[in-house]
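Trainee: Take a look and give me a structure for this.
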Amino acid sequence: MLNGKPNKRALIEGKAALIVIDIQKSTFAPIPDDKRSIAHMPDYADRMARTKIAINRAREVGIPVIFIQEIHRADLVDMGRETDGDEDIHCLDSNPLTALAEDELGIRPDDYKIQKRRYSAFYGTDLEILLRGLKVDTLLLTGGLTDVCVHYTFVDGHQGDYFCRVIEDCVAGSSLAAHQASVKAMEYLQHGAIRSLDEVLTAMDGKAAA
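Mentor: Residues are numbered from 1 along each chain as shown. Next up, the predicted model:
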């Protein structure tokens, strides 16, 4: 219950899709924290690796998995305003570490993959068309950063009338404070939006048994 209003929605309403946001090879590369183009909170890579548990369970119960990859052209023509804040140049198509973390996440050749040039997975992509084709109602969000790409994807999903759920164990922010602030902001928009991995796995199993 939040602000005296009970959450009457199920964790998974209708049909779900697991949205894996920007878990790329750079996530697991041995780069010192002070050398990264984008800051990471402690245990960032561990939280991203945990997403594989959700991916495997989604596959078992028939929930589609969609992998989102941020990528920019090497000449920076499509970088936009992304370096006007704290972030440095990142996710260039000339950098092998921009590729999705295929080995760590067990990505398959026939998986759904969407490239994006902005923070939201909806902006300038065909995600909306794919979700409609899959008849998806609930978005299960994992990945990074909680306070950037996860948050803005959540907001666009919310404004598109999707039920949005964030697997808190499987997202991480630029800092712990930023992560916590975004988690609170997303919960404000949809009560019950922030869920644990165990809760989500149980809900997935329930959909399979239904």
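Trainee: quick one, strands of this structure?
Mentor: Ranges of strands in the chain, per DSSP state E, are 16-21, 65-70, 112-116, 138-144, 163-172, 194-195.
Trainee: Was I right to think Leu145 contacts Ala172?
Mentor: Yes: Leu145 sits in contact with Ala172 when judged by CB atoms under 8 Å, with a separation of 6.8 Å. Bear in mind the C-beta positions are built from the backbone N, C-alpha and C, glycine included.
Trainee: buried sites along the least confident helix or strand in the chain by mean pLDDT?
Mentor: Least confident element among the helices and strands of the chain, by mean pLDDT, DSSP states H and E: helix 197-209 (a mean of 90). The neighbour-count check on helix 197-209 (16 or more other CB atoms under 10 Å) flags 197, 199-201, 203-204, 207 as buried.
Trainee: For my notes, please list the strands of the chain in CSV and give distance to Ala45 and mean neighbour count for each entry.
Mentor: Output for the strands of the chain, formatted as CSV (distance: least, CB to CB, whole Å; neighbours: other CB atoms under 10 Å):
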stretch, distance to Ala45, mean neighbour count
strand 16-21, 15, 27
strand 65-70, 17, 22
strand 112-116, 21, 17
strand 138-144, 10, 27
strand 163-172, 8, 25
strand 194-195, 21, 18
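Trainee: Redo the ones you listed as TSV? Include mean pLDDT.
Mentor: Listed next are these as TSV, based on pLDDT from 0 to 100:
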stretch	mean pLDDT
strand 16-21	98
strand 65-70	97
strand 112-116	98
strand 138-144	97
strand 163-172	98
strand 194-195	98
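Trainee: Next, format those as TSV and append distance to Asn95.
Mentor: Formatted as TSV, the strands of the chain follow (distance: least, CB to CB, whole Å):
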stretch	distance to Asn95
strand 16-21	18
strand 65-70	12
strand 112-116	14
strand 138-144	17
strand 163-172	21
strand 194-195	32
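Trainee: Which stretch among the ones you listed approaches His40 most closely?
Mentor: Counting by CB to CB, His40 lies closest to strand 163-172 out of these; the figure is 6.7 Å.
Trainee: got the contact list for that closest one?
Mentor: 9, 11-14, 40-41, 43-44, 47-48, 50-51, 54, 137-146, 150, 154, 157-158, 179, 183, 186, 189-190, 192-197, 200 (CB atoms under 8 Å, 6 or more residues apart in numbering).
Trainee: Could you list which of the residues you listed belong to helices?
Mentor: Among the contacts of strand 163-172, the residues falling in helices (DSSP state H) are 44, 47-48, 50-51, 54, 154, 157-158, 179, 183, 186, 189, 197, 200.
Trainee: top of those by neighbour count?
Mentor: Within those, most neighbours by other CB atoms under 10 Å means Phe154, with 28 neighbours.
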